[in-house]
Structures are given as C-alpha cells and as structure tokens.
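K.L.:
Quick one: sequence plus predicted model below, questions after.
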Amino acid sequence: MSCYLFVHFREKTTPDGEQVYFALSRDGFHWEALNGGQPVLWAYYGDHGVRDMTIVRDHRTGRIHIFATDLSLAYGMRGKYAHDWENISRHGSKCLAHWVSEDLVHWSEEQLIPLGGDQFGCLWAPDVIYEQETGDYLLHFSASHSENGFGPKAIYYCRTRDFERYSEPRLLYRKPDSGCIDSAMYREAGHYYLFVKSEANPRTMIELAGERATGPFHRIAGFDDSMKAVEAGNYEAPTAVRLEDGRWCLFIDYYGRPGRVQGYVPFLADALEGGRFARSDAAFSFPYGFKHGTILTSSVNVPRHASLLRLALTNSFGAFCTNNLCTVPYEIY
C-alpha cells in the first residue's frame, strides 16, 4: 500500500503562509493536514519565507531533500519589492532554499544554495528529476536571464549527484512565443514528460515530451485539448504523482480569486503519453487550499489516524538511517 506526503505552502497575507507545510494521504485522493495545519519548517534566512517547494529522496543515501523559492511576499511586497512583480523577477533571490532530513522528522537548518549569478533574475519554482541514463539528478527552475534582456522566463537546470556540488545552470526549455515557468518533469515508459505553465499562446499549462531529460521536447496536442476547459490565466504550478493503480494525477494550482478558493485542482489520466486528463474534483478532498508543492510517495502502511507530526511521519514513512541532523556544504562546479 502506498502513501503520499504533499509538501506545500499556504496563500496567506501573513508570514506563516510562506513556510513549509505537510499533508498526508493513504490513497492520493483524500488529504489530511499534519502538525495541526501549521508550518513544519520555517525559513529564517534570505527573504524569510519560501514558496514553490519540491521534495525528493536521494536513492543513494536515503536522505530527503526539500528545495524552495527563497521569497516572501508577506515581507517583501510591502518592503524591498515595492509591490512590483517585475522587481521581484529581476532583483529577487539568486538562491534556492534547501533542507535535508534522514527521517522526515528531524531536519537541518535552512541553507541557501547560490545557483544564479548576475545574469539571472530571481530563481523560481525548483523541481528535481533523476536522469537514469547518466545517474545525475537534474534540479530545474524558472528564471529570467540577461541573454534576452531579462524578458520572458525560461526553464534552466543544474546537475548534481550528491546534492552538495552543482553544475553551472544551462537552458532546459525556452518557449518560442512566450515565457514559461513552473516546470515539473516525470519519466514513463522510457520517455520524459515536462509540464510548464505557458504565459501566453496559451495562458495555461502545456505538456511536452522528449527521449532525454534535457530534451529536445515536442508538444503533446492531446494535453492542449484537456486544458481547453481550464480558464486561461488563472492556473499555474503543475505537479503530478503516479497512483497505486497506475493512473497519473496532475494537480494544477488555481489562483484566480483571493482567499480560501485558491489551491490545487486534480486531473486524472491513464498515462502521460497521450495527455488525456479529466478534471476530477469530486474524487478528492483537501483540508484547505494547497499551494505550489510536490508529492513524495512511499510504499508502506499508513496509520489510521495521524494526529501528531512525529507519529504520522515515523509510522507512515519509516525512519531512514539515523535521527541525527545533517548539514551539507555546497560547491558549484
């Protein structure tokens, strides 16, 4: 039996929203908040807030890594960014926030990984995929860049094998006719599938496919048909998980109106190849609106009632290695 951990943030006007939250599910459909719906991890460095987080387990060491955008709108919009998204895009953090754990209960302090130099704008929305052909992990993210005058954003990536040393960023995908953000990549049947939010033509999610994780990629028309019913300009942050029955669930984040109505909306498909996803709201339940995050899957039993964070995480996902905190130095190579 699989269980699922959804790592996300909450859209609030107070600083506690832009922190790291956990939710648990036994089937991928019905979700419950952990830690009483309060943050599990806090950002104390950089912008003092984080968004757009991803979680991955290193298959070599068993360690679990969380990466996130180093950004707080609760603090920054009122202060250094002067209520200007373009100011964030150009002058926001060139670092990604990072935490490490052996067991999902004990975590390192937040550390900031400087991946972007002066040629980059703010680094947004990291995600990670393992490239089987090379044994590398690809840490990919959205950013503007000096090569096009810090205009429409594209997707870039760094390689790592140990989450300690990272290659210089390289271009992963640039959409020819508009910017794109919020990349999420998955592997199925020997092919890689890349979801991004297109900022125009169309103003919604698109799906691409390639034989390598670094492309080249081609557009999947069937997914475009699936997104025709989605209101343009009101969704972002695609993230997907393969369920125990083999189907894929794609979540996309609704932000079209302020308040409690914001959060992920689910779509189901039998496979990624054809891009044929059907909206499936009635089959899912959430305790509140989950904002931009990703899901870690584990094939173990889940407790019937997960009320305490330690009990829920330990019993659900098991203890990996030891309970010691781990801290990681970083190098760019």
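P.N.:
Structure's in. What do you need? Note that the coordinates shown come from a computational prediction; the quantities given were computed from them, not determined experimentally. Numbering: from 1, shown residues only.

K.L.:
low-confidence ranges in the stretch 1-150 of the chain?
P.N.:
Applying pLDDT under 70 to the stretch 1-150 of the chain flags the ranges 1.

K.L.:
Can you show me the helices along it?
P.N.:
73-76, 85-91 (DSSP state H, counting those that start in this stretch).

K.L.:
same question, the stretch 151-300 of the chain
P.N.:
According to DSSP H, counting those that start in this stretch, the helices that the stretch 151-300 of the chain contains are 221-226.

K.L.:
Find the residue ranges of it scoring beneath the pLDDT cut-off.
P.N.:
For the stretch 151-300 of the chain, the ranges with pLDDT under 70 are 299-300.

K.L.:
Let me have the helices of the stretch 1-150 of the chain in CSV, adding mean neighbour count and distance to residue 121 as columns.
P.N.:
Placement of C-beta: from N, CA and C, glycine included. Converted to CSV, the helices of the stretch 1-150 of the chain look like this (neighbours: other CB atoms under 10 Å; distance: least, CB to CB, whole Å):
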stretch, mean neighbour count, distance to residue 121
helix 73-76, 18, 14
helix 85-91, 15, 5
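
K.L.:
Which of these sits closest to residue 105?
P.N.:
Judged by CB to CB, the one of the helices of the stretch 1-150 of the chain that comes nearest to residue 105 is helix 73-76, at 26.9 Å.

K.L.:
Measure how far the closest one is from the centre of its chain, please.
P.N.:
Computed by CA atoms, centre = their mean, to the nearest Å, the separation of helix 73-76 from the middle of its chain amounts to 20 Å.

K.L.:
So for the protein, the centremost residue is which one?
P.N.:
residue 54 (3.8 Å; CA atoms, centre = their mean).

K.L.:
And for residue 8, the neighbour number?
P.N.:
The number of residues packed around residue 8, counting by other CB atoms under 10 Å, is 28.

K.L.:
surely it meets residue 291?
P.N.:
Yes. Residue 8 is within contact range of residue 291, at 5.6 Å (criterion: CB atoms under 8 Å).

K.L.:
Now do the shared contacts for these two.
P.N.:
Common neighbours of residue 8 and residue 291, using CB atoms under 8 Å, 6 or more residues apart in numbering, are residue 264.

K.L.:
Enumerate every residue touching the residue nearest to residue 127 when sequence neighbours are not counted.
P.N.:
Once flanking residues are discounted, residue 127 sits nearest to residue 54: 4.6 Å by CB to CB, 6 or more residues apart in numbering. Contact partners of residue 54, counting by CB under 8 Å, 6+ apart, are 7, 66, 67, 68, 126, 127, 128, 293, 294.
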